[in-house]
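Asks: Build me a model from this:
(chains A and B)
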Amino acid sequence: MRLPAQQRERIDRTRPVSFSFAGWRIDGFEGDTLGSAAFAAGKRVFSRSFKYHRPRGLLCCSGHCPNCLMTVDGVPNVRVCVEPIREGAIVVPQNVRWSVDFDFLSVVDKVGGPFTPVGFYYRTMIRPRRLWPLYEKVLRNLAGLGRIDEKAGHSRRYDVEHRRARVLVVGGGQAGRAAALAAATRGPGVVLVDEGHRLHGAELEDVEVLAPARALGIWEGNLVAVDAGTVLYRFRAERIVVAAGALDQQLVFPGNDLVGVMLPNGIRRLVRDFSIRPGSRAVVVAADDRGLEAAEDLREAGIRVPRVVDLRDVRLRGLEAQGRKGRVRRVVLDGDEIDCDLLVASAGRQPSYALLAQAGARVEYEPSLGVFVPAGLPAGVEAVGTVTGEGLATADPLSAYDGRGKSFVCVCEDVTTKDMKRAIAEGFDSIELAKRYTTVTMGPCQGKLCHLPSIRLYAHERRAYEAAIGTTTARPPSAPVELGLLAGRELTPARRTSIHFRHEEAGAQMMWAGPWKRPYAYGEKPEDEVRAVHESLGVIDVSTLGKLLVEGPEAAALLERLYPNRFADLKPGRIRYGVLTTDGGRIMDDGTVARLSEDLYYVTTTSTGADAVTAWFEWWNAVWGFEAAIVNVTGALAAVNVAGPRAREALQRLTEADLSAEEFRYLDAQEIEVAGVPCLALRIGFVGELGYELHFPSPAGEYLWDRLVAEGARPFGLEPQRVLRLEKGHVIVGQDTDSESNLLSAGMSWLPKLDKDDFVGKFAVEHFVDREERERLVGFTMEEDVVPAEGAQVVIEGRPAGRVTSARRSEAVGSVIGLAWLPPDRAEDGTRFEIRVDRRRLGARVTHGPFFDPAGERMRS
Amino acid sequence: MSFLLSCPFCGPRPVDEFAFFGEVTKRPSGSPTLRELTEYVYFRDNVAGVQREWWQHRTGCGEWFLAERDTRTNEVMAVSVPETVRERQ
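Replies: Below you'll find the predicted structure:
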């Protein structure tokens, strides 16, 4: 029921807004929250409790307690007491069967008492073990808060924003606003973060206000994560000022969770902000002036307040709230029965230190105030206002009041005094253990309302001081946050070559290759693409290859030290294969190195290795200091490989350069123009046929691709390339090799030049030479036409003895071929072994040398 | 891990702009024994305290540099451009 209009009210009575609340139409006003409008319309029960399904109503009315968690427009666990009203919103209760006013599961509260002690399902539901799946199904159904609409998909878009601030103030109460204004007089860059409702009417000049928003945590480097609904701000602040204030604490007495039992701040919000008369007869029991102010507010609102107990003056022995259908009807104070429909009860206020504690502050018990206060703040973090304990009255020290019925220490998780006492009796005598066993402080309020009472109860039961009980560890997030906000938007960046869209237009199936999207094949039959390369002409986009320029008077010396083989004697215009190894002997990457002039080398790496190789080169040169510059030109240049018996004749039609076998030899590198595009042409044969790899400026990618296709080159993808490479027995670093492989075991013992002074990996190779070889990478040919999976087990004399790393069916070879790691004594050419495929063991024979064109005549032609 | 690291060229930046390359090791010269080689390749001091380590401003200027960092607190005491082998000789 609304009061007559008052000056301070936050609602705009000229702008009605309506929405649906558990099926009822609610009419409220602009400026209301969903919760306040429902309360004004007479709704009192907002939720059912976590375990006992007891009816619960507004308690703190400021977004901290769990009592008003509801599902709004499909989003679960919305605190409707602070969620702004919006036209047409659909608000439904959660954790109930039937309705909030009649919940079938409240039977747990009636009969469950002795059957649902603390930790009951740890003890009872484990036997018999085979029934656990059934128990689990039932429990999962009963437990938890709210349900995610699995069909909803991505209903909201979340973003992350990186921000800087000179001063970031958390909390918009009096102290926070004063701190922000004071900081703003000293310059720009002041940001104030607040949950929203405290800032009504405040004037904050030169301060950027983020509201409603919550600081989730403070991390090293003064990083503050701020939840602003659908934007997660990552603030870097020079100074952080925490003015989180203090929160009313619940008194622990029987019936303290009944609907109608409220905290002073909740009353204040309902009466002053929303002009609501919250009841007709109220009793106030409080330990500070806030309680007295609430009594005053109630009287002004025309509510009879027959009794106000100030716990600073009066010591109560017994306090009990009695109710009907879960709503408070009567209060019993030291035997006096007083009828009422509202009970304002508060033990005083406790500083909201969670954010500070999580940032690294110590938390100490302050006996003069009876609360925990932050101390020893980390560098760059300050605290102002009541969060420091300043201005607080001494909190009521009693752990619990006598009476009959359930006394709740924690309303989030339905933990009663009885549960806590039982936990202590069972030996969970440290507060950290008790927390895990009883789940006290682990609910949605994260201890804001139950931390102090639980420690106080512990101290009382164990006859110890609160300071000796200590606090539990504060962890981020200090306020509940939607997982979607933390996950952010689903963004998976892909690198595309400049020819990418030609592949898509040609119907290529694109696949991931490291950060790149590359064509797997252009049709259903990759073997047709293989055949085109062998019989006529193919073209593949290899723009993804890493491309590095190494230039300088000592470029040769640098490469000589980086590679196991020699590059100083490579003549300008010539190409050599190179493999990079680490000092531990691991094979890192491979590619070709072309010497373009005395001081300039052009290095290609694998498609996924470009960044790592660049960093590797630069790191070693930061150590050695050779006079050579390393430039990564991977993105600047596109590259295509034109391969097949017709490669020379087709390319010759597009260039004036002489491509004859005498003038452009195998492993020559020449700068030529192709169809008017300046290209670096590398004559290499990595797919086993006569081939030219053209490297040229990226913008010309589609143009040159089109010209080559027009000359009859058939595009081929990664899958046909795999077949072609395998036919030549080429090793793919990272596919056929792993961190255990080295140059000798991978069959490249010809590569390292041990007479060089030094190279990265030389020590290791020297030791590998002496060491007994454990396994060797060899080619094999299957006896049957079955392709074993990569990773398939090699079986020798019935025992696992190795593994397959690559296998493909080759039309040109006429059988299934592959590479496998075998024991060295079984690696002789022609040795038979078996490979496990499904449940069968299939025969295979070791095949040395390339499977196809072993003499390499075709690529050298 | 969210501390700030000062690139000697670009100034303080969030640590996720950098690549970490581990503590500074000493590469053996000549022909190390297997033990010396294994120690150099695999063993690290892994100190709980201040350590000298390699960093690269990977998504920034790309330069490699050395940092002295307290591994317990992530406090960075100093950063420097490494002296190359060439300069030391």
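
Asks: The lengthiest helix in chain B: which residues count as buried?
Replies: Taking DSSP state H as the criterion, chain B has its longest helix at helix B:34-42. Judged by neighbour count (16 or more other CB atoms under 10 Å in any protein chain shown), helix B:34-42 contains these buried residues: B:37, B:40-41. Every C-beta, even on glycine, is put in place using the N, C-alpha and C of the backbone.

Asks: mind giving me the domain split of chain A?
Replies: Listed by automatic domain parsing, the domain ranges of chain A are A:1-150, A:159-243, A:406-472, A:505-543+A:636-739, A:546-634, A:772-861.

Asks: And the longest helix of chain B, what does it pack against?
Replies: Using 3 or more CB pairs under 8 Å, 6 or more residues apart in numbering or on different chains; DSSP states H and E, the elements in contact with helix B:34-42 are helix A:762-770.

Asks: Show me what the helix or strand just after the helix it packs on is in contact with.
Replies: Counting by DSSP states H and E, the next helix or strand C-terminal to helix A:762-770 is strand A:776-782. Residues from elsewhere that reach strand A:776-782, judged by CB atoms under 8 Å, 6 or more residues apart in numbering or on different chains: A:729, A:731, A:736-737, A:741, A:745-747, A:788, A:804-805, A:807, A:813, A:815-824, A:827, A:833, A:835, A:842-849, A:851.

Asks: filter these to the buried ones?
Replies: A:729, A:731, A:736-737, A:741, A:745-747, A:788, A:804-805, A:807, A:813, A:815-822, A:827, A:833, A:835, A:842, A:844, A:846-847, A:851.

Asks: Which of the buried residues of helix B:34-42 lies at the shortest distance from residue B:80?
Replies: Using CB to CB, residue B:40 is the member of these that sits closest to residue B:80, with 22.4 Å.

Asks: Enumerate every residue touching that closest one.
Replies: A:583, B:25-28, B:32.

Asks: pLDDT at it, what is it?
Replies: Predicted confidence (pLDDT) for residue B:40: 95.

Asks: And the helices in the stretch 651-800 of chain A?
Replies: A:701-710, A:718-727, A:762-770 (DSSP state H, counting those that start in this stretch).

Asks: Oh, that last question was meant for chain B, not what I typed.
Replies: With DSSP H, the ranges of helices along chain B come out as B:34-42, B:85-88.

Asks: returning to that earlier point: I'd like the domains of chain A as TSV, with mean pLDDT and distance to residue A:757 appended.
Replies: Converted to TSV, the domains of chain A look like this (pLDDT from 0 to 100; distance: least, CB to CB, whole Å):
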stretch	mean pLDDT	distance to residue A:757
domain A:1-150	83	64
domain A:159-243	92	44
domain A:406-472	89	60
domain A:505-543+A:636-739	96	26
domain A:546-634	96	8
domain A:772-861	95	26
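
Asks: who wins for proximity to residue A:256 among those domains?
Replies: Taking CB to CB, domain A:406-472 is the member of the domains of chain A nearest to residue A:256, at 5.7 Å.

Asks: show me what contacts residue A:607?
Replies: Taking CB under 8 Å, 6+ apart, we find residue A:607 in contact with A:513-514, A:516, A:518, A:542, A:544-546.

Asks: Residue A:818 belongs to a strand, doesn't it?
Replies: Yes. The assignment for residue A:818 by DSSP: H, G, I helix; E, B strand; the rest coil puts it in a strand.

Asks: do you know how far the nearest residue to it once chain neighbours are set aside is from residue A:526?
Replies: Spatial nearest neighbour of residue A:818, excluding adjacent residues (CB to CB, 6 or more residues apart in numbering or on different chains): residue A:807 at 3.3 Å. Look at residue A:807 and residue A:526: by CB to CB, to the nearest Å, they are 14 Å apart.

Asks: and if you look at residue A:770?
Replies: Residue A:770 sits 44 Å away from residue A:526, going by CB to CB.

Asks: More neighbours: which of the two?
Replies: Comparing residue A:770 with residue A:526 by other CB atoms under 10 Å in any protein chain shown, the one with more neighbours is residue A:526, at 21 against 7.

Asks: correct me, but that one touches residue A:715?
Replies: No. Using CB atoms under 8 Å, residue A:526 is not in contact with residue A:715; the gap is 11.6 Å.

Asks: wait, is residue A:615 part of a helix?
Replies: Yes. Assigned with three-state DSSP, residue A:615 falls within a helix.

Asks: since we're on it, how many residues are nearby?
Replies: Residue A:615 is flanked by 18 other residues according to other CB under 10 Å.

Asks: right, and residue A:190 touches residue A:207 too?
Replies: Yes. Shown here, residue A:190 and residue A:207 form a contact pair, counting by CB under 8 Å, at 4.9 Å.
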